[in-house]
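*Asks:* quick one, what's the 3D model for this:
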Amino acid sequence: MTWSEAFHRQASSDFEVFKHFSRQSSPVAICHRLHYLQMASEKLVKGFLTRGSDEVPKKTHSGLLLFLRTLRSNPFVRSRLGFSDKHRKFDAYLKGLQPVAEAIELLAPALGTKNGVNAEYPWSTSSGPIQYPANYAFRHISLTEIVRFADFIERLLKIYPD
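*Replies:* Residues are numbered from 1 along each chain as shown. This next block holds a predicted model:
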């Protein structure tokens, strides 16, 4: 098994947990859903970026935004996502995903955000009380954008083995 295959398989598993937690009847806090979406997207990116390489990938939580930018020039992915000759539409689609991708990527505690918000550990700021993810609403990421981004990740997971 290659690093790429291993990351892809783990990304698929993480995404299945995200979907399970995202069912309407699920009482699971939004932080857990976002955590698994963040992990699935991070591993999916590593899977794509390590294709054709035997090198152990860097241990980093960033790369999603760079990945979106590099996809813009990938005709295989563009075609498989249904944008065959529609370069501008594909570019606009990927640019439209950037804000939510950045918000999802910044949920990794290691990347840190200015206000400490993450999907995994409690945090505090100098101007407020201690917060914890299971009690936080994550209103800075709209549900519509989460669904749109999750659809993108799911579509990438499906085309990956080709």
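*Asks:* tell me where this structure has helices.
*Replies:* 3-21, 30-49, 64-71, 75-80, 87-105, 143-159 (DSSP state H).
*Asks:* list the buried ones in the last one?
*Replies:* Counting neighbours by 16 or more other CB atoms under 10 Å, one finds that the buried residues in helix 143-159 are 145, 146, 149, 150, 152, 153, 156, 157. The C-beta positions use only the backbone N, C-alpha and C, and glycine is treated the same way.
*Asks:* now do it: everything it contacts.
*Replies:* 8, 11-12, 15, 18-19, 22, 33-34, 37, 40-41, 44, 48, 77, 80-81, 97, 99-101, 103-104 (CB atoms under 8 Å, 6 or more residues apart in numbering).
*Asks:* give me the buried entries from these.
*Replies:* Among the contacts of helix 143-159, those scoring as buried are 8, 11-12, 15, 18-19, 22, 33-34, 37, 40-41, 44, 48, 77, 80-81, 97, 100-101, 103-104 (criterion: 16+ other CB under 10 Å).
*Asks:* mind checking how far stretch 11-24 is from the chain centre?
*Replies:* Chain-centre distance of stretch 11-24: 12 Å, with CA atoms, centre = their mean, to the nearest Å.
*Asks:* what sits up against it?
*Replies:* 26, 28, 32-33, 36-37, 39-44, 47, 150, 153-154, 157.
*Asks:* any weak-confidence spans in this structure?
*Replies:* Filtered on pLDDT under 70, the chain yields the residue ranges 53, 56-62, 111-114, 161-162.
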